[in-house]
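Participant: Let's see this in three dimensions:
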Amino acid sequence: MEYNKLIAISGMSGLFEIMGSKPDGAIVRSLEDKTTKFVSSRIHNFSHLESIEVYTIRENVNLLDIFKAMEASSEKLPNEKDAKAIKAYFKNVYADMDFERVYASDMKKMVKWLSILKANNIELKLPEIPEAENE
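Facilitator: Below is the predicted model of the structure:
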């Protein structure tokens, strides 16, 4: 399973792997309970993890950069239900985050998603893009 095949779906908890697509939606598999189902794009929005960016006080950064900082940190992941502990955790792990525009619910998702990625042994990297050969 590769990081670039993972999506978040609006209105649904957790992360999903795209198994196939149809004109009106996608067939996805939950990383938490391994169930496969069809999800309609008419009802839900799909967000590829590789395209999600997080507000910082400088330039926006890719979610992958936040995950890597979280993984590199010696701090233990906080309980996803404790908003104050999560905010304190991110102030230590990624101090450049714009805490005015990144909501507590977003930080909770990041903690939960990293836990799911670790539980499924998913390598945190984007696929290499082959450089065009010079003619």
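
Participant: now the helices for this structure?
Facilitator: 63-72, 83-93, 104-119 (DSSP state H).

Participant: Out of these, flag the one nearest Gly25.
Facilitator: Evaluated over the helices of the chain, closeness to Gly25 peaks at helix 104-119, with 21.7 Å, by CB to CB. Yep, even glycine has a C-beta here, placed from its N, CA and C like the rest.

Participant: Residues touching stretch 49-68, excluding its own?
Facilitator: Contact with stretch 49-68 is made by 3-4, 6-8, 15, 94, 96-98, 101-102, 106, 110, 113-114, 117, 124-126, as judged by CB atoms under 8 Å, 6 or more residues apart in numbering.

Participant: how far does that stretch stretch from start to finish?
Facilitator: 13 Å (CA to CA, to the nearest Å).

Participant: okay if I get the helices of the chain as CSV plus mean neighbour count, distance to Ile52 and mean pLDDT?
Facilitator: CSV is the format used below for these (neighbours: other CB atoms under 10 Å; distance: least, CB to CB, whole Å; pLDDT from 0 to 100):
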stretch, mean neighbour count, distance to Ile52, mean pLDDT
helix 63-72, 17, 4, 94
helix 83-93, 16, 16, 94
helix 104-119, 17, 10, 94
